[in-house]
Every structure is written in C-alpha cells, then in structure tokens.
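Visitor: missing the sequence, but the structure's below:
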C-alpha cells in the first residue's frame, strides 16, 4: 500500500534521573523508550499562538505525532499516516487497511513503525511513504510500539504482547497472551531490561526483554484496568514504573501507582474525583504530572507520592489526556476542546488554545525542539502551536 502508599523505605540516597535520556526529538509516543513525556527544548518562547492547521478531511487524529531530527512530523489521521514538513505542508502519506490509533515510532533516519486496526504492524519509508514491511498480529493494534535493539515491542487488542525482529521480513522473537484486551502501550526499563505494559484485567506485566515468551518476570495488580502507557524513571539503584487506572465508575478510587522494578508497590495516590488517569509525565527533577477525568492537573513528588500542587483547568468534568512537559517548564495537556499550558513549578495556567473538535485522550500533545506543540482533534484538524 502507499502513498495513561505502601510503607516502602528506601535507605539510600535517591538521586533521580529520567530513564529515557533526553533526545533532541519526539521520536515516538510519549517522547522516548520509557514514555517519560518530557523533552528538552531550545526555545523558551511559548505564547499559545497558532502557527498552522492541517485538515485533509480523511478522519480524526488517532494518535500522537512523532518528530524527526529535521522537524518533519508523522501523524496518523483516519486510516492514513501523513508526513509533513515543519511548515505543515504534506510531503507524502500512507494508506493502511484500517484506522490508525497507534502512534508512530521513528526508527533510524527513514523508517516509521505503527500499528493499525487491520492487525498489521507497518514499517514505511518516511521519504516516500512506501511500505518496507508488515507483520500480521492476532488482532487490531491500538498499542504504540517501542523499539529496542532493532526489535519492536507492542501488543494487539486481543491481549498478545509481541517482540518482533525488524529485519527485511519481520519475524516474531517471542509473544505472550495475557488473556485480556490491551489498550496500553509498552515502556522500556533499560537498567532492568524490562518491557512493561498494562492491561484491561487490572494487571501491569513486566517481561524480560529477550525472553518474554516464557511469561512475565512479575505481575502487579492494580485496582482497575490500565488504559494508558506506563512511564519509567530511575532511582540510583532502581527503576520506578508509574501508571494510572480507569475505574469506569466513581464507586472505586482512581489511583496512580508507583511500582519498583521488582514488582513491589512504592506508593499510590488516590485521585479525589473522576474515573480515569490516562497516563503520566515524569521530569528529571522527580515530579510526576497527570490529568484526571474531573478537570484537574496534578503534580506529585516521585519519591514519596506526596501532592505538590493540583489545579482545576475548567468547570465541570473535562476528561484530560496524558500531559507532555518541556524543559522550559511548561506542562501541555489536552481536554475536551482545549489545549492547556501550565507552569510546571506552580500550576498556574499560562495559556489556553481552543480546538475545533474534541481532543482524543489517546493522542496527547507532542513537542518539537523549537517548543512548537502539536495536537489533533477528532474532527480531523492537526494544529501547530507556539
């Protein structure tokens, strides 16, 4: 085809760093292999001004954008993946056999990887949007892949987790079925060599990167299903996985969990209202940011799980997606028909940008090096804002 507290005491000093070392581009869903949702930018300017909008009228934006070294943007819309230059001019597009809710991962200089509801993991050339290869999974792929050592890790909606070798003819290295649907996308914990993913059966699974087919190294059971991606940060001697849950009912507490790389709970934080946390961002100074389904943006301390600040960005119950944080100290988060920019230190709202359509919770904002923020809506508009 073409063109989202347990009393564990850490006795050593906890010097924190983000596991996914900062890269000069938003190469994949949640920025890096560890889904930190943070990026170093070269421009401190952020005024919330529209730079351009793109609407090819092929369907809503299905996932987050990825951005290459030159600022070119890859974004899924309907059943197509578009490649655009920094000015918003489309260069080429690729037609998949089904809707694309899987955010692309840019691998190498000229390759993009993503899944589709047609069950294929596609690899395409980003110069001409031509298909290089595909791998057929057991069900629709809503999960966004992470690539480690030329292997793609992802899940299909039927509940199978895959490791696929990205050779000329992609071959499965291992696969494992968790027996429940998976909407979550994997994160990589490099020190522990773990692939970590959530599931609708309330479990977080941690697989050995190379030998996951024999089963998970550990399973952590949360109090509700896990729709969004885990994010990973590192203590001096440990890695910590942070996830949020979707209770689908206000009868159960919405929790954000911090889990050590051994599978033990470090802490949990109960959200005061709402039903879901779609994902978090973790900054190098040890702060955890997330949005709720009750219009609040929350900042916690990574070590203790204690509240630093929270702010209601709108009246009523606005469902917020996962945030993205730039090194100029701004938290970007979408909800309903508004993109919010929030001061990471204080929680003060810096600016708001209205969108025409509803921002999908599964398509968080992406950030370029020049601090341009990219976001899409369900009506098929894709915006560049700075």
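Guide: It's in. A quick note: this is a predicted structure, and the numbers were derived from the prediction, not measured.
Visitor: helix or strand right after the least confident helix or strand in the chain by mean pLDDT?
Guide: Every helix and strand of the chain was ranked by mean pLDDT, DSSP states H and E. The lowest is strand 17-18, at a mean of 52. Going down the chain from strand 17-18, the next helix or strand is strand 38-39, by DSSP states H and E.
Visitor: Off-centre distance for that next one?
Guide: Relative to its parent chain, strand 38-39 has a centroid offset of 12 Å by CA atoms, centre = their mean, to the nearest Å.
Visitor: Over to residue 354: give its phi and psi.
Guide: Note on residue 354: backbone dihedrals following degrees, to the nearest 10 are phi -80, psi 140.
Visitor: swap that for residue 282, please
Guide: phi -130, psi 130.
Visitor: thinking it is in contact with residue 242, fair?
Guide: Yes. Using CB atoms under 8 Å, residue 282 is in contact with residue 242, at 6.3 Å. All C-beta atoms are positioned from the backbone trio N, CA, C, and that covers glycine.
Visitor: shared neighbours of the two, anything?
Guide: 231, 232, 233, 288, 302 (CB atoms under 8 Å, 6 or more residues apart in numbering).
Visitor: Name the member of these with the most neighbours.
Guide: Of all those, residue 231 has the most neighbours under the rule other CB atoms under 10 Å, reaching 31 neighbours.
Visitor: Bridge partners for that one, pull those for me.
Guide: residue 242 (DSSP bridges).
Visitor: Now do it, the pLDDT please.
Guide: The per-residue pLDDT reported for residue 231 equals 98.
Visitor: So it sits against residue 37, correct?
Guide: Yes. Under the criterion of CB under 8 Å, residue 231 makes contact with residue 37 at 6.5 Å.
Visitor: what is in contact with those two at once?
Guide: Residues touching both residue 231 and residue 37 (CB under 8 Å, 6+ apart): 30, 279, 280, 281, 282.
Visitor: can I get the residues you listed in CSV with neighbour count, pLDDT and distance to residue 202?
Guide: Rendered in CSV, the data for these read as follows (neighbours: other CB atoms under 10 Å; pLDDT from 0 to 100; distance: CB to CB, whole Å):
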residue, neighbour count, pLDDT, distance to residue 202
30, 30, 88, 22
279, 32, 95, 17
280, 29, 97, 18
281, 29, 97, 23
282, 30, 97, 22
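Visitor: of those, closest to residue 145?
Guide: residue 30 (11.9 Å; CB to CB).
Visitor: can I assume the closest one is in contact with residue 37?
Guide: Yes. Using CB under 8 Å, residue 30 makes contact with residue 37 at a distance of 4.8 Å.
Visitor: Assess the claim that residue 176 and residue 159 are in contact.
Guide: No. Using CB under 8 Å as the test, residue 176 is too far from residue 159 to be in contact (9.3 Å).
Visitor: Would you map the helices across the chain?
Guide: Here the chain has no helices by DSSP state H.
Visitor: What residues of stretch 362-382 count as buried?
Guide: By neighbour count on 16 or more other CB atoms under 10 Å, the buried set for stretch 362-382 is 362-369, 371-378, 380-382.
Visitor: Kindly reformat the shared contacts of residue 282 and residue 242 as CSV and extend each row with distance to residue 88.
Guide: Formatted as CSV, the shared contacts of residue 282 and residue 242 follow (distance: CB to CB, whole Å):
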residue, distance to residue 88
231, 29
232, 33
233, 34
288, 33
302, 36
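Visitor: Tell me the one of those residues nearest residue 205?
Guide: So of the shared contacts of residue 282 and residue 242, ranked by how close each gets to residue 205 (CB to CB), first place is residue 232, at 13.8 Å.
Visitor: confidence score at the nearest residue to the closest one once chain neighbours are set aside?
Guide: Sequence neighbours aside, residue 34 is the residue nearest to residue 232 in space, at 3.9 Å (criterion: CB to CB, 6 or more residues apart in numbering). pLDDT, residue 34: 96.
Visitor: now swap in residue 234 and tell me
Guide: Confidence score, pLDDT, at residue 234: 89.
Visitor: That one is in contact with residue 240, isn't it?
Guide: Yes. If you go by CB under 8 Å, residue 234 and residue 240 touch, sitting 7.2 Å apart.
Visitor: just to revisit the earlier point, name the residues contacting each of residue 30 and residue 37.
Guide: Joint contacts of residue 30 and residue 37 (CB under 8 Å, 6+ apart) are 231, 279, 281, 322, 324, 364.
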